[in-house]
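Asker: just need the structure, nothing else, for what follows:
(one chain, ligands or ions: 1)
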Amino acid sequence: MPLFSSFFLFQLAEELLYHGWRDEVKELLTLISKPHFKSLLRTHDSVAKRDFEPALPPLPDDAMEEDEESVKIVSLVKTKEPLGATIKKDKSTGAIVVARIMRGGSADKSGLIHEGDELKEVNGVSLEHRKPKEILPLLACSEGAVKFKIIPGSTKEEMTSCVTKVFVRALFDYDPTEDPTVPCKDAAVAFKRGDVLQIAGTDDDTWWQARRLGDGSGRAGLVPSKQLHERRVALQRPRALFKLQNIKPPGDCFSGLRRSFRLGRKSSRARKPAQLRRWSSETPGAVCPRTYIEVVPYHKEPKDRHRLIVLVGPSGVGVNELKRRLVISEPDRYGVSVPYTTREKRRQESEGLDYHFVSVQAFEELILNHRFVEYGQYRGNYYGSNLDSVQRVLAEGKVCLLDVHPSKIKHVYTSEFKPYVVFVKPPMIEELRLTRRRAKFVCDEDGMQVRMFSEEDFEEMLDQAEMLDSQYGHLFDKVIVNGDVATTFRELKADVEKLDEPEVQWVPAAWMRSAPTKAWRSCSSLTGWI
Ligand SMILES: Nc1ncnc2c1ncn2[C@@H]1O[C@H](COP(=O)(O)OP(=O)(O)OP(=O)(O)O)[C@@H](O)[C@H]1O
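Answerer: Numbers count the residues shown, from 1 in each chain. Okay, the predicted model is just below:
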């Protein structure tokens, strides 16, 4: 039976009096009029009204910017003496944290700042992207009250203990409004392929809890678990496999050889061989389940080499056109690796510019030493894209552009190269027809003959694009649709330039966990799935 509230107590007293002033009534009235009893009833009323939470002050305006982590403002009084604390940059997050508090120093005595606290601001000056040595002068010249904006380390530890600090990149789009199986649409989080999610809980096999980074709300919600999405993909798979089986790889011998060698030698390789090469290098196999890939933050330091830019796409989509435009736009910044070949040097060609001309024996030794990202044979000669060539471009401080079949990305999928993979995708067929009206592609081995695109070429390009996306989509960092070439070029350039900014980049966790590996051993690093 529920307790009486103060209101009902008053009514009860009246009722009892109405029944006469008996001893029991007297005793009961004395009991319920005692302050302890009244307090108990008042408490009941408060709880019933859910009036038990402490009234919190409103959130400061900038609290959301700090990813909802509990930001604290602390004021320390600084004398001429140092505060008695050292700071360092956290290697994995790039954050400035308190490394040590000296016993008896002002910081220690204040009890307001602790080892492991993350410093966000000093006297209103943001510490983002600053090095410790740039911050020390800020502190040295201040005297009196020094205001710090901090994220307490203890809060972070608590968060780590109760919230999994696992970040994943979504490899598929998810819209809860179109998912009839989601337990509660309002509690779910929508995301797009490429979004980074912080996983907050994986207790449930079907629905995980996650927070989308960059989402102002900072709210965690339900997302389909890896297992659930895999099951869904498996149900769709027969359709995907049917499509793949319809695309026949030619039985030619161009294993792994692609047009990536072209820019280095100025002229273009034949269209037909390019198409054949594309298919012979990899037999269509199982479609990778595109769920989530575990990622970690990476902060590029100015001394770090540029990330390797890998461009992939169906034949004729414009990979070489984009590479060419990038190099021409800034030849000192962009470079392409010079391919190796065993064929005779032609009169107009130069060693080291068009190709590195090597003997068959030297080429085969390089194969045995796993020095090729990809290689193949054409008309009895070897051609190959060599890792040393890539390293040479990077060592010059340039951004190296590499064009390989996506099946070969695994050879450079390491912390050493940190490849940024751009998938160049054709637009819808109407736009292809419109934009390629005047485009011609090379259709003979010596790059002398050109012809216009046919309707069949467009259809094949679209089919190839779909197959590449379904088989290798998990490796793509960026998908760029090549409709209007000038727009695509600008978008690509801006995207590549962003990689040099101090902003956090999310890279596969497997790269950062293992020590830099030799590229050829790196195939195992494709296991960053969770
Ligand atoms: N967006 C575009 N609009 C119009 N023409 C384009 C566009 N992109 C590329 N082209 C033209 O299409 C032709 C083929 O492009 P490109 O040689 O770069 O293809 P590719 O992807 O390297 O394929 P392949 O290696 O099979 O030749 C070229 O003439 C190029 O100038």
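
Asker: for the stretch 301-450 of the chain, what are the low-confidence residue spans?
Answerer: With pLDDT under 70 as the threshold, the stretch 301-450 of the chain has low-confidence stretches at 442-448.

Asker: hey, where'd the strands end up in it?
Answerer: In the stretch 301-450 of the chain, the segments counted as strands under DSSP state E, counting those that start in this stretch are 309-312, 334-336, 340-341, 356-357, 372-378, 381-386, 399-403, 420-425, 440-442, 450-452.

Asker: and the ones you listed: which comes nearest residue 38?
Answerer: strand 420-425 (69.9 Å; C-beta to C-beta). The C-beta positions use only the backbone N, C-alpha and C, and glycine is treated the same way.

Asker: closest to residue 220 out of the strands of the stretch 301-450 of the chain?
Answerer: Among the strands of the stretch 301-450 of the chain, the nearest to residue 220 by C-beta to C-beta is strand 420-425 (28.9 Å).

Asker: with only the CA atoms kept, save stretch 309-320 in CSV.
Answerer: What follows is stretch 309-320, C-alpha atoms only, in CSV (Å, rounded to 0.1, in the frame of the first residue of the first chain):
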residue,chain,number,x,y,z
ILE,A,309,48.1,8.6,-52.3
VAL,A,310,46.7,5.5,-54.0
LEU,A,311,44.2,6.1,-56.9
VAL,A,312,42.0,3.3,-58.0
GLY,A,313,39.1,3.1,-60.4
PRO,A,314,37.7,1.3,-63.4
SER,A,315,39.5,1.6,-66.7
GLY,A,316,39.0,4.9,-68.6
VAL,A,317,37.4,6.6,-65.6
GLY,A,318,40.1,9.3,-65.5
VAL,A,319,42.7,8.1,-62.9
ASN,A,320,45.6,9.1,-65.2
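
Asker: is any residue of it near the ligand?
Answerer: Yes: contact between stretch 309-320 and the ligand is present through 313, 315-320 (criterion: C-beta under 6 Å from any ligand atom).

Asker: off-centre distance for that stretch?
Answerer: Its chain's C-alpha centre and that of stretch 309-320 lie 22 Å apart, by C-alpha atoms, centre = their mean, to the nearest Å.

Asker: against the ligand, how distant is residue 373?
Answerer: Counting by C-beta to the nearest ligand atom, to the nearest Å, the gap from residue 373 to the ligand is 16 Å.

Asker: which stretches in the stretch 401-530 of the chain count as helices?
Answerer: 429-435, 455-472, 485-498, 509-513 (DSSP state H, counting those that start in this stretch).

Asker: by mean pLDDT, show me the worst of those.
Answerer: The minimum mean pLDDT among these belongs to helix 509-513 (a mean of 83).

Asker: quick check: buried residues in that helix?
Answerer: Neighbour counts over helix 509-513 (16 or more other C-beta atoms under 10 Å) mark 509-511 as buried.

Asker: can you list the strands of the stretch 301-450 of the chain in JSON lines and add mean neighbour count?
Answerer: Output for the strands of the stretch 301-450 of the chain, formatted as JSON lines (neighbours: other C-beta atoms under 10 Å):
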{"stretch": "strand 309-312", "mean neighbour count": "25"}
{"stretch": "strand 334-336", "mean neighbour count": "24"}
{"stretch": "strand 340-341", "mean neighbour count": "22"}
{"stretch": "strand 356-357", "mean neighbour count": "18"}
{"stretch": "strand 372-378", "mean neighbour count": "22"}
{"stretch": "strand 381-386", "mean neighbour count": "23"}
{"stretch": "strand 399-403", "mean neighbour count": "25"}
{"stretch": "strand 420-425", "mean neighbour count": "23"}
{"stretch": "strand 440-442", "mean neighbour count": "18"}
{"stretch": "strand 450-452", "mean neighbour count": "12"}
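
Asker: let me know which of these is the nearest to residue 119.
Answerer: Among those, strand 420-425 comes nearest to residue 119, with 30.7 Å by C-beta to C-beta.

Asker: and that closest one with helix 455-472, angle?
Answerer: Between strand 420-425 and helix 455-472, the angle formed by their directions is 150 degrees, by axes from the mean of the first three to the mean of the last three C-alpha atoms, to 10 degrees.

Asker: strand 420-425 packs against which elements?
Answerer: Counting contacts by 3 or more C-beta pairs under 8 Å, 6 or more residues apart in numbering; DSSP states H and E, strand 420-425 packs against strand 309-312, helix 455-472, strand 478-481, helix 485-498.

Asker: tell me the most buried of those?
Answerer: strand 309-312 (a mean of 25; mean count of other C-beta atoms under 10 Å).

Asker: strand partners (parallel or antiparallel) of it?
Answerer: For strand 309-312, the pairing partners within the sheet under DSSP bridges are strand 399-403 (parallel), strand 420-425 (parallel).

Asker: from the chain's centroid, how far away is the shortest one?
Answerer: What separates the centre of strand 399-403 from the centre of its chain is 20 Å, taken as C-alpha atoms, centre = their mean.

Asker: follow-up on the earlier one: residue 465 is nearest to which of the strands paired with strand 309-312?
Answerer: Using C-beta to C-beta as the criterion, the shortest distance between residue 465 and the strands paired with strand 309-312 is 5.4 Å, found for strand 420-425.

Asker: the closest one near the ligand anywhere?
Answerer: No: among the residues of strand 420-425, none lie within reach of the ligand under C-beta under 6 Å from any ligand atom; the closest is 6.9 Å away.

Asker: name the residues that touch that strand?
Answerer: Counting by C-beta atoms under 8 Å, 6 or more residues apart in numbering, the neighbours of strand 420-425 from elsewhere in the structure are 307-313, 317-319, 322, 406, 409, 465, 468-469, 472-473, 475-482, 488, 492, 495-496, 499.

Asker: burial count for the closest residue to the ligand within the stretch 301-450 of the chain?
Answerer: Of all residues in the stretch 301-450 of the chain, residue 318 sits closest to the ligand, at 2.7 Å by C-beta to the nearest ligand atom. Residues lying near residue 318 (other C-beta atoms under 10 Å) number 25.

Asker: that one and residue 486, how far apart?
Answerer: Applying C-beta to C-beta, to the nearest Å, one obtains 12 Å for the distance of residue 318 from residue 486.

Asker: try residue 380
Answerer: The gap separating residue 380 from residue 486 is 41 Å, by C-beta to C-beta.

Asker: again, but for residue 353
Answerer: Distance from residue 353 to residue 486, counting by C-beta to C-beta: 28 Å.

Asker: just residue 418 next, same as before
Answerer: From residue 418 to residue 486 the distance is 29 Å (C-beta to C-beta).

Asker: cool, and residue 391?
Answerer: Following C-beta to C-beta, the distance that separates residue 391 from residue 486 is 32 Å.

Asker: circling back: got the buried residues of helix 509-513 as CSV, with distance to residue 93 columns?
Answerer: Written out in CSV, the entries for the buried residues of helix 509-513 read as follows (distance: C-beta to C-beta, whole Å):
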residue, distance to residue 93
509, 14
510, 18
511, 16
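
Asker: on that earlier part again, distance to residue 361 added to the strands paired with strand 309-312, as a markdown table?
Answerer: Formatted as a markdown table, the strands paired with strand 309-312 follow (distance: least, C-beta to C-beta, whole Å):
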| stretch | distance to residue 361 |
| --- | --- |
| strand 399-403 | 26 |
| strand 420-425 | 34 |
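
Asker: out of these, flag the one nearest residue 74.
Answerer: Ranking the strands paired with strand 309-312 by their distance to residue 74 (criterion: C-beta to C-beta) puts strand 420-425 first, at 39.7 Å.
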